[in-house]
Structure formats: C-alpha cells, structure tokens
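Q: coordinates for the following, if possible.
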Amino acid sequence: MLRKLEGAKAEQFKEIVSGDETTVVQVDHIRYLIARLPVLNEVQFDIESDPSLAAEIEDANRDIAEGRVYTTAEAIRMLERGDFE
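A: As a prediction, this is how the structure comes out:
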C-alpha cells in the first residue's frame with residue numbers, strides 16, 4: 001500500500017531517512033526497513049495510492065479489451081441523449 005506524506009510529516013520522514021538507500025527504524029520494539037524504490041511518475045503514484053481510481057482504470061482497460069469504445073463524437077451524442085449509465 002502506498003501512502004503519501006505531505007507537509008511537516010514529509011519533512012520529518014526525510015530527516016529520518018536522510019538520503020540513505022535503506023534505513024531501519026524501530027517503533028515500540030518493532031523494526032521496520034525503509035528502502036528507496038525506483039522513481040514513479042506523479043500520475044503512476046496517484047493511481048497506485050488511490051484504490052478507487054485504480055479500479056476505474058481497470059474497468060476502462062477491460063472495456064477497451066472487450067471492444068466497448070466510442071469516438072468523441074459518439075460519446076458527445078450519447079451524453080446529449082443521456083445514454084450513459
């Protein structure tokens with residue numbers, strides 16, 4: 001699961017990992033390994049950190065694979081007629 005840190009939490013996290021490739025953090029006698037991952041682009045990160053967005057994209061990919069695709073003009077006509085579910 002991806003979690004996005006912002007603001008003060010992000011700054012504190014950056015101080016903890018301080019540029020190392022891997023860092024071990026102990027919290028309440030439990031050790032956690034923090035490792036730097038390959039850079040994801042912002043869109044990829046947003047998709048992977050939002051389950052509902054990931055599900056919508058999966059549905060869209062399934063529609064495309066099953067041939068449920070429309071031109072822009074067809075989509076506009078369908079919207080105008082209220083044909084979309």
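
Q: tell me where this structure has strands.
A: 22-27, 30-35 (DSSP state E).

Q: format those strands as CSV; extra columns: mean pLDDT, mean neighbour count and distance to residue 13.
A: The C-beta positions use only the backbone N, C-alpha and C, and glycine is treated the same way. Output for the strands of the chain, formatted as CSV (pLDDT from 0 to 100; neighbours: other CB atoms under 10 Å; distance: least, CB to CB, whole Å):
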stretch, mean pLDDT, mean neighbour count, distance to residue 13
strand 22-27, 89, 10, 10
strand 30-35, 90, 9, 9
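
Q: generate CSV for those strands, with distance to residue 50 as supplementary columns.
A: Compiled in CSV, the strands of the chain are given as follows (distance: least, CB to CB, whole Å):
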stretch, distance to residue 50
strand 22-27, 26
strand 30-35, 22
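
Q: residue 58: which of these is closest?
A: Closest of those to residue 58 is strand 30-35, at 27.1 Å (criterion: CB to CB).

Q: who does that closest one touch, helix- and strand-wise?
A: If contacts are counted by 3 or more CB pairs under 8 Å, 6 or more residues apart in numbering; DSSP states H and E, strand 30-35 sits against strand 22-27.

Q: now do stretch 49-57: everything it contacts.
A: Contact partners of stretch 49-57, identified using CB atoms under 8 Å, 6 or more residues apart in numbering, comprise 1-4, 46-48.

Q: so which of those belong to helices?
A: With DSSP state H as the criterion, helices contain 46-48 from among these.

Q: ranking those by neighbours, who comes first?
A: Among these, the one with the most neighbours (other CB atoms under 10 Å) is residue 47, at 17 neighbours.

Q: roughly how far apart are that one and residue 41?
A: Relative to residue 41, residue 47 is positioned 10 Å away (CB to CB, to the nearest Å).

Q: what does residue 9 give?
A: 22 Å.
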